[in-house]
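*Asks:* Take a look and give me a structure for this.
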Amino acid sequence: MDKVTTRFTDASLLPSPDSRRAPLIKRRDLKMARSPHAYVRGNTAQYYDWLHSLPGQRLPRGPAIWICGDCHVGNLGPVADAQRKVQLRLRDFDQATIGNPSHDLIRLGLSLASAARGSSLPGIVTAHMLQHMLLGYQRAFFPGHEEIFVKPQVVKTALRQAQQRSWKMLARERAIDGRQTIQLGKNFWPISAAERSAIDEMFADPAILARVTGGEVGDTSRRPVVVDAAYWVKGCSSLGLLRYAVLVDYNGARRLIDIKEAVAATSPRYRRASMPRDNAKRVTEGACHLTPALGERMVARRFMERGVFIRELLPQDLKLEIEQLGIEDAVLTASYLAYVVGSAHARQMDAGTRHAWLTELMGKPAKSAGAPHWLWHSVVQLVASHEAGYLEHCRKYAMSE
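*Replies:* From the prediction side, this is the model:
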């Protein structure tokens, strides 16, 4: 059943634009307390601290390419290109940076291991998942595997649902009512007059809409009309940043636009790498390298003296949700998701760089069959530290409710 936001008849019951911070932080803390997997997804700081530590600095050193930086399971999902062809791809680039591709592998391994523990799978399954994760990643470096790769059931289901979705379904999920307004409630809060004015001013430029819609809007001389806008309470680690859902009318068609604040990346980067200093431009450039189908319909702008990036929300764009994993599907899922990440990495390398990176990746094999020593021990250390951190987090925040 589609989730629909409950409408509040009295907007005064919702936080005002000046009092958002405290309830947003509280919601983030409670959301992270739901499960170990939710804690891993929302707690990037602990992972980045580990990467900067001595164990984190002993990883294979890969080529300087764009990496996701926060490559957990929830940051992958179905993505539609301009022709509405849907494929599973990376879909979140807030932490995108030019750095070591092994960081994406370990973050994905930690996320998958947490999902396995949440599904009460035995430890041997996690060992097999990490082994097949690396095999799937390697397969991405040899073209021609996309069509013959066996997709796990969770991916098949997500792609099928995405392909079948319509604007009406998106509107119902995002609480857009029959009057074509965004319903205020749990997930959508009021905005200030200054915020609304800034949004109107931004969309006075038709070129923005032309970019984020892939040029489908046609005549860009006509000015888009902002029908409604609301502050969007969404995500976990990004709660507290500027985030808006904007309903725009253009030539009689409704489009739902996402505006999100870009802040400095905390994911480690290669020091001599040249990247845009503007964080919104960094995010959009990273997206263009990692998932061109999404990056090519994103645009960076200044908004209320902050950098934001803008994209249209298509019905086909979904987050991959993994509630429960079976033993067989867990291994297939690990392999396929790593293949998706590997494809995003490999497209940025020439043949020589690909060969050198794969050689480095497997340069220190484990003493027994399975994942390389560096991958296995990194994930084990991180699972242990995050498990302890999760329990402390629950004691500190959840018990006070």
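
*Asks:* so where's the longest helix in this structure?
*Replies:* helix 373-397 (DSSP state H).

*Asks:* In the sheet, which residues pair with the closest residue to Gln348 other than its chain neighbours? Tell me.
*Replies:* Using CB to CB, 6 or more residues apart in numbering and skipping the chain neighbours, the partner closest in space to Gln348 is Ile65 (4.3 Å). For the C-beta atoms, the positions are set from N, CA and C on the backbone; glycine is no exception. Beta-bridge partners for Ile65, by DSSP bridges, are Gly99.

*Asks:* correct me, but Asp29 touches Tyr397?
*Replies:* Yes: counting by CB atoms under 8 Å, Tyr397 is a contact partner of Asp29 at 4.2 Å.

*Asks:* Next, the buried residues of the longest helix of the chain.
*Replies:* For helix 373-397, the neighbour count (16 or more other CB atoms under 10 Å) marks 374-376, 378-383, 386, 389-390, 393-394, 397 as buried.

*Asks:* quick one on the thing from earlier: quick one, grab the pLDDT at the residue nearest to Gln348.
*Replies:* Note for Ile65: predicted pLDDT of 98.

*Asks:* again with the one 5 residues further on
*Replies:* What the model reports as pLDDT for Asp70 is 94.

*Asks:* What's the local residue count around it?
*Replies:* Asp70 has 26 neighbouring residues, counting by other CB atoms under 10 Å.

*Asks:* Gly42 is in contact with that one, correct?
*Replies:* No: using CB under 8 Å, Asp70 makes no contact with Gly42, being 10.4 Å away.

*Asks:* okay, now the domains of the protein?
*Replies:* 1-30+174-315, 33-165+322-401 (automatic domain parsing).

*Asks:* for the ones you listed, which one ends up most surrounded?
*Replies:* Of these, the one with the most neighbours on average (mean count of other CB atoms under 10 Å) is domain 33-165+322-401, at a mean of 19.

*Asks:* re the thing from before, could you tell me the least trusted of the domains of the chain?
*Replies:* Note on these: lowest mean pLDDT is at domain 1-30+174-315, with a mean of 83.

*Asks:* Check for me that Asp92 belongs to a strand.
*Replies:* No: according to DSSP: H, G, I helix; E, B strand; the rest coil, the state of Asp92 is coil, so it is not within a strand.

*Asks:* helices or strands next to the longest helix of the chain in the packing?
*Replies:* helix 21-32, helix 36-42, helix 44-52, helix 101-118, helix 123-139 (3 or more CB pairs under 8 Å, 6 or more residues apart in numbering; DSSP states H and E).

*Asks:* closest one to Ala265 among those?
*Replies:* Closest of the helices and strands packed on helix 373-397 to Ala265 is helix 44-52, at 9.4 Å (criterion: CB to CB).

*Asks:* Just the C-alphas of the closest one, formatted as PDB.
*Replies:* Taking C-alpha atoms only, helix 44-52 is exported to PDB below (Å, rounded to 0.1, in the frame of the first residue of the first chain):
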ATOM      1  CA  THR A  44      28.800   8.300   8.100                       C
ATOM      2  CA  ALA A  45      31.100  10.000  10.600                       C
ATOM      3  CA  GLN A  46      32.100   6.800  12.300                       C
ATOM      4  CA  TYR A  47      32.900   5.200   9.000                       C
ATOM      5  CA  TYR A  48      35.000   8.100   7.800                       C
ATOM      6  CA  ASP A  49      36.800   8.300  11.200                       C
ATOM      7  CA  TRP A  50      37.800   4.600  10.600                       C
ATOM      8  CA  LEU A  51      39.000   5.400   7.100                       C
ATOM      9  CA  HIS A  52      41.300   8.000   8.500                       C
END
